[in-house]
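1. When you get a sec, could you give me coordinates for this:
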Amino acid sequence: TCLAAACYCCCSAPFPFPSQPVPRSPTLFSWRMAEAVHAQLEAAAPELDDLLRRGIFDRAEIRAIVRKRKGFEYALRRRQTQKSDFLRYIEYELNVEALRKKRKEVKRLSRKNTKSEFSIVRRIHFIFHRALQKFKGDIRLWLQYFAFCEETGADKAMGRALATALQFHPLNEGLWIRAAKWEFENNSNITAARVLMQRALRINDKSTTLWLEYFRLEMLYLEKITKRRELFGLTNDPDQVAAAAEPDEGDADSDAEDESNDDESEEEDHYDINSDDEELFGRPSANVEVPQLPEEQGKEEFKGDRFLKGDILVAIVRAAQATCSTDVQFLLEFVKVCRLFRSTKTIRDSVYALLPEGEAATAAVARRPFDDKAADDVLSGDADRRREFETVVSRFRTALKQHPTVSMWDQYFEFFTDALNSLTQFSALADHLLNQLTKECERAHKAGLASLYCFTTWYKAAVALQQPSEQRTEICEQCVKANATSVAWLLYFDHAETQNSLGELDSEAVCKLFERALQSVPLLEKLAICNRQILFSLASQNPSVIKSSFETAIALRSRDFSIDVDDILVRYLHWTAMWGGAAQACALGQHHMKTQRTLPKEYYLSLARIALTLDVPDRKFIRHVMEQALLHFSTETDMWMEYMQIERSWNDGTRTADLYWRAIKALPDSAEFVAQYGVV
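-> Residues are numbered from 1 along each chain as shown. The predicted structure is shown next:
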């Protein structure tokens with residue numbers, strides 16, 4: 001009897017729940033808003049009375065809950081409601097529900113279903129519904145609601161939410177996949193999952209992700225059926241299944257059809273399978289021919305060999321190839337999905353047969369024995385793996401005769417790389433492959449078809465075989481002659497620095513290599529060479545060489561202003577302060593402010609801090625640096641804060657106050673600046 005009055009009361013005692021502050025309600029509300037809010041509070045009176053009667057919350061806490069809910073309800077009914085208002089309300093209710101469960105467990109209350117047992121969860125569902133009605137386009141909010149439904153086991157609400165979300169977002173691939181996954185894994189409803197994926201493909205027929213996920217769904221179902229038949233001792237051999245399924249009488253088909261109709265009538269589905277896509281989503285379906293699947297055949301799929309053979313899966317691949325893409329890499333993604341399951345050789349054979357002619361398809365077929373070995377899960381010894389690799393090498397040599405191109409050679413070398421990465425426990429076979437790889441790289445180089453990847457692989461093989469340094473140097477020389485790029489020269493620098501560390505090459509020779517590289521590479525790639533040169537010169541600890549390296553890099557901006565040398569400028573300033581002192585660094589900074597069109601924010605801040613370390617800081621110079629910084633970064637809060645802290649350290653209140661008002665006018669978000677200044 002007291003709860004109805006408590007709904008209109010306010011309690012000044014603080015509530016101990018951890019929650020973000022609730023926005024204060026306005027002082028005047030329209031009578032309709034107040035009536036709606038109080039109607040919501042009165043509807044919750046029975047559950048609050050039950051919580052009070054069972055001793056889970058006391059009277060003060062009940063009043064605090066009412067006051068909190070009242071504030072949230074008013075926030076949700078203002079004209080410009082934000083999503084954060086709903087999320088804070090939901091967070092608060094989740095905390096209340098967690099506290100209720102904890103106190104119920106501590107007090108060892110009975111598990112009987114009372115009014116308060118599920119009322120808070122229903123309230124959270126109701127808040128989510130209100131939020132989703134207002135923010136229908138927020139995918140993250142939909143996903144949060146899906147997670148809440150799964151956590152609370154609300155299967156019916158989950159099904160309705162997924163259907164509604166798909167109506168508003170029919171082009172979102174992730175929602176379709178989430179819905180099909182939920183139907184297949186949670187409800188064990190393959191029919192509904194298939195229908196969802198087929199509708200998704202009719203609307204998003206060019207989506208490679210949806211085609212792959214549809215294929216994966218059918219693979220999962222085939223695996224499930226295969227394991228079930230093995231559990232019952234049934235054969236999975238398609239030929240034996242077909243022989244056992246031969247009809248003896250003419251009415252066998254009609255019997256199968258009757259059984260199919262009976263099963264379909266008993267099956268419960270969350271979605272209307274026969275409804276039209278235009279009726280559901282307000283748009284016509286794309287003209288996509290999705291293959292007929294076993295949901296229209298009843299139990300015929302278990303009586304014939306087509307399903308166990310994987311003809312349905314092959315039909316999906318054909319439909320994807322005809323509708324979406326004929327790219328070889330796209331079709332090979334289906335093969336990768338097949339390799340995740342056992343006994344899929346027949347399906348893989350069919351997919352490989354669909355590959356269009358070309359270099360990529362030829363390379364994929366050539367390396368298939370190596371790729372399928374791991375998928376078949378067959379343990380083999382060193383001799384077997386060697387024969388397997390020899391087979392792939394023979395196929396690639398035949399393919400190179402048909403397609404003598406750089407890309408085919410690169411795919412050949414990529415096979416060697418993958419094979420070597422899989423041979424961590426076969427050292428003898430690894431040495432054999434490395435020697436064969438070096439020979440093939442020499443062949444490609446002599447044929448004039450060696451790419452940068454070829455030389456990189458060749459050099460790594462030479463290092464692994466511990467070949468003499470002269471041979472590795474020759475590989476690098478041939479690489480930079482054939483590929484005048486920064487990547488090729490960086491490979492050469494790796495080798496040169498290794499020689500320098502071993503005493504086989506002096507620093508002067510390495511510096512000449514950097515000069516050669518800067519002369520040969522294009523302008524936009526010179527910055528990578530300069531960065532590597534700076535790192536090498538810093539390791540040599542030669543001030544003149546280091547200074548020359550920094551100046552060379554900074555000079556690139558004068559030739560092309562798009563080259564970003566901001567980081568190099570800051571590093572140059574710090575190095576000068578460390579080796580030459582603060583005074584020399586200030587002189588360098590003054591020179592850069594005159595010669596450089598723009599300087600980064602970190603440069604100005606570093607220069608001002610370095611100038612403050614002088615025995616007698618030059619206040620005029622420091623203020624000049626900060627004023628120059630504000631010309632370019634007047635909208636940066638930290639720049640104003642740094643300037644004001646410098647003036648405050650000099651006890652100059654007049655300048656500090658002047659900077660404060662200048663910052664208020666210049667900053668777009670002065671509230672953040674005021675908050676930071678208040679903390680200081």
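
2. Next, the contact list for the residue nearest to Asp669 when sequence neighbours are not counted, please.
-> Using C-beta to C-beta, 6 or more residues apart in numbering and skipping residues adjacent in sequence, the residue nearest Asp669 is Thr637, 7.8 Å away. In short, each C-beta sits where N, CA and C put it, glycine included. Residues counted as contacts of Thr637 (C-beta atoms under 8 Å, 6 or more residues apart in numbering) are Ala663, Leu667, Asp669, Glu672, Phe673, Gln676.

3. Where neighbours are concerned, which of those has the most?
-> Neighbour tally across the contacts of Thr637 (other C-beta atoms under 10 Å): the maximum, 21 neighbours, falls on Ala663.

4. Helix or strand for it, just tell me which one.
-> Here Ala663, judged by DSSP states H and E, is contained in helix 653-666.

5. got it, and Asp615?
-> Secondary structure assignment for Asp615, by DSSP H and E: no helix or strand.

6. Distance of it relative to Ala587?
-> Separation of Asp615 from Ala587 (C-beta to C-beta, to the nearest Å): 16 Å.

7. which of these two has more neighbours?
-> Neighbours of Asp615 and Ala587, each counted by other C-beta under 10 Å, are more numerous for Ala587; the result is 13 against 6.

8. low-scoring stretches of the stretch 201-350 of the chain, by residue?
-> 235-305 (pLDDT under 70).

9. try 50
-> 239, 241-289, 292-304 (pLDDT under 50).

10. Report the central residue of this structure.
-> Gly174 (13.1 Å; C-alpha atoms, centre = their mean).

11. ok, it to Ala193 distance?
-> Taking C-beta to C-beta, one finds Gly174 at 15 Å from Ala193.

12. Quick check: closest non-adjacent residue to Ala666.
-> Counting by C-beta to C-beta, 6+ apart, the residue nearest Ala666 is Ser634, at 4.5 Å.

13. Ser520 now?
-> Per C-beta to C-beta, 6+ apart, closest to Ser520 is Ala484, 4.7 Å.

14. pretty sure that neighbour contacts Arg516?
-> No: Ala484 lies out of contact with Arg516 (C-beta atoms under 8 Å); the separation is 10.3 Å.

15. quick one: terminal-to-terminal distance for stretch 126-141?
-> 14 Å (C-alpha to C-alpha, to the nearest Å).

16. Then stretch 182-196?
-> 11 Å.

17. so for that stretch, what's the average pLDDT?
-> The predicted model assigns stretch 182-196 a mean pLDDT of 93.

18. where along the stretch 551-680 of the chain do the helices fall?
-> Taking DSSP state H, counting those that start in this stretch, the helices of the stretch 551-680 of the chain run over residues 556-559, 566-580, 582-595, 601-612, 619-632, 637-649, 653-666, 670-679.

19. Save these as JSON lines, and put in mean pLDDT and distance to Phe215 too.
-> As requested, those are exported to JSON lines (pLDDT from 0 to 100; distance: least, C-beta to C-beta, whole Å):
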{"stretch": "helix 556-559", "mean pLDDT": "90", "distance to Phe215": "50"}
{"stretch": "helix 566-580", "mean pLDDT": "95", "distance to Phe215": "47"}
{"stretch": "helix 582-595", "mean pLDDT": "94", "distance to Phe215": "59"}
{"stretch": "helix 601-612", "mean pLDDT": "95", "distance to Phe215": "51"}
{"stretch": "helix 619-632", "mean pLDDT": "94", "distance to Phe215": "55"}
{"stretch": "helix 637-649", "mean pLDDT": "92", "distance to Phe215": "52"}
{"stretch": "helix 653-666", "mean pLDDT": "91", "distance to Phe215": "58"}
{"stretch": "helix 670-679", "mean pLDDT": "79", "distance to Phe215": "51"}
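
20. dump the residue contacts of the residue nearest to the centre of the chain.
-> Taking C-beta under 8 Å, 6+ apart, one finds Ile139 in contact with Gly174.

21. any idea which helix or strand carries it?
-> Going by DSSP H and E, Gly174 is part of helix 173-185.

22. Could you give the separation of that helix from the chain centroid?
-> 19 Å (C-alpha atoms, centre = their mean, to the nearest Å).

23. same question, stretch 553-564
-> Going by C-alpha atoms, centre = their mean, where stretch 553-564 is centred and where its chain is centred differ by 34 Å.

24. gap between the two ends of it?
-> 10 Å.

25. ok, and what's touching it?
-> 523-524, 526-527, 530-531, 533-534, 565, 568-569, 572, 596-597.

26. Quick check: buried residues in that stretch?
-> Ala553, Ile554, Leu556, Arg557, Ile563 (16 or more other C-beta atoms under 10 Å).

27. ok, these vs Glu223, which is closest?
-> The shortest gap between Glu223 and any of the buried residues of stretch 553-564 belongs to Ile563, at 54.9 Å (C-beta to C-beta).

28. what's the distance between the spatially closest residue to the closest one that is not a sequence neighbour and Arg385?
-> Nearest residue to Ile563 in three dimensions, chain neighbours excluded: Leu556, at 4.8 Å (C-beta to C-beta, 6+ apart). According to C-beta to C-beta, Leu556 and Arg385 sit 50 Å apart.

29. next one: Met593
-> From Met593 to Arg385 the distance is 65 Å (C-beta to C-beta).

30. now do Cys324
-> Taking C-beta to C-beta, one finds Cys324 at 36 Å from Arg385.

31. same deal with Ala193?
-> 40 Å.

32. More neighbours: those two, which one.
-> Ala193 (24 against 18).

33. So the more buried one, which state does it fall into?
-> Per DSSP: H, G, I helix; E, B strand; the rest coil, the local secondary structure of Ala193 is helix.

34. my guess is it contacts Ala180, does it?
-> Yes: using C-beta under 8 Å, Ala193 is in contact with Ala180, at 4.4 Å.

35. Residues that sit against both of the two, list them.
-> With C-beta under 8 Å, 6+ apart, Ala193 and Ala180 have common neighbours Leu217.

36. re earlier: show me what contacts the residue nearest to Ser520?
-> Ala484 touches Ser520, Val521, Pro522, counting by C-beta under 8 Å, 6+ apart.

37. Please, which helix or strand holds it?
-> Applying DSSP H and E, one finds Ala484 in no helix or strand.

38. And it, its phi and psi?
-> The phi and psi values for Ala484, taken as degrees, to the nearest 10, are phi -80, psi 70.

39. got the contact list for His403?
-> Glu359, Thr362.

40. roughly how far apart are it and Trp458?
-> Taking C-beta to C-beta, one finds His403 at 21 Å from Trp458.

41. before we move on, what about His591?
-> The value you get for His591 to Trp458, if C-beta to C-beta is used, is 46 Å.

42. the more surrounded of those two?
-> A side-by-side neighbour count of His591 and Trp458, using other C-beta under 10 Å, places Trp458 first with 24 against 10.

43. backbone phi and psi for the more buried one, please?
-> Per degrees, to the nearest 10, the backbone of Trp458 is at phi -60, psi -50.

44. That one contacts Lys439, correct?
-> No: counting by C-beta under 8 Å, Trp458 stays clear of Lys439, with 10.2 Å between them.

45. Does Phe148 touch Ala131 like I think?
-> No: at 11.4 Å, Phe148 and Ala131 do not qualify as touching, with contact defined as C-beta under 8 Å.

46. the more surrounded of those two?
-> A side-by-side neighbour count of Phe148 and Ala131, using other C-beta under 10 Å, places Ala131 first with 23 against 19.

47. in which helix or strand would I find that one?
-> Here Ala131 is assigned to helix 119-134, by DSSP H and E.
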